[in-house]
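> got a structure for you, letters missing:
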Ligand code: IMP
Ligand code: MG
């Protein structure tokens, strides 16, 4: 996007709709993990708001840790490369792991995460993502807990950024740019 282009935001998913959906996802997770003690691993930075809302609806005993991967930089299209910027602080061998993402786009990040987590031999591994771009992702495994399946739009707010901006917005917006 050129420096001169004008950006405008269009409201896409309201705070209320997001809250309702998160409650449903949490209910399913509470049922699936009854009697277990999963570790939720949030992928920084984008998942921090989703994870904090989700975790407060979780009734089973659980732990939380974070992984930080390289970001898109300031672009809207993935560089096609993923690297790790912050590793886990906990032992995950023989533990039940739930990876928490903001959005699955090409699927490159979750593929990378799956490979590094599986190497550490957890007893189970599942994925939760607030958003899932249904036309984009080329995954050969399923995302177990999806908030919303969306078309190929660039979205911001509720933790999601464009060039590190807009994470603070209370709802999800489509980011449009006009030259
Ligand atoms: P993937 O590796 O292509 O699946 O991209 C995943 C990561 O790219 C997400 O965790 C986000 O940080 C970022 N991303 C992908 N699509 C969007 C978007 O529409 N808005 C903001 N960030 C995005
Ligand atoms: Mg991310």
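On my side now, so go ahead. Quick caveat, the model's predicted, so the values are computed rather than measured. Ligands and ions are numbered 1, 2, ... in the order given.

> pLDDT score for the closest residue to residue 28 other than its chain neighbours?
Spatial nearest neighbour of residue 28, excluding adjacent residues (C-beta to C-beta, 6 or more residues apart in numbering): residue 145 at 6.5 Å. The way it works is simple: take the backbone N, C-alpha and C, and place the C-beta from them, glycine included. We have a pLDDT of 98 for residue 145.

> same check, this time on residue 2
Predicted confidence (pLDDT) for residue 2: 52.

> secondary structure class for residue 20?
helix (DSSP: H, G, I helix; E, B strand; the rest coil).

> partners of the worst-scoring helix or strand of the chain on mean pLDDT in the sheet?
Every helix and strand of the chain was ranked by mean pLDDT, DSSP states H and E. The lowest is strand 84-86, at a mean of 88. Strand 84-86 pairs in its sheet with strand 63-69 (antiparallel), by DSSP bridges.

> list the buried ones in the host helix or strand of residue 126?
Residue 126 belongs to strand 124-133 when assigned by DSSP states H and E. Within strand 124-133, the residues scored as buried using 16 or more other C-beta atoms under 10 Å are 125-133.
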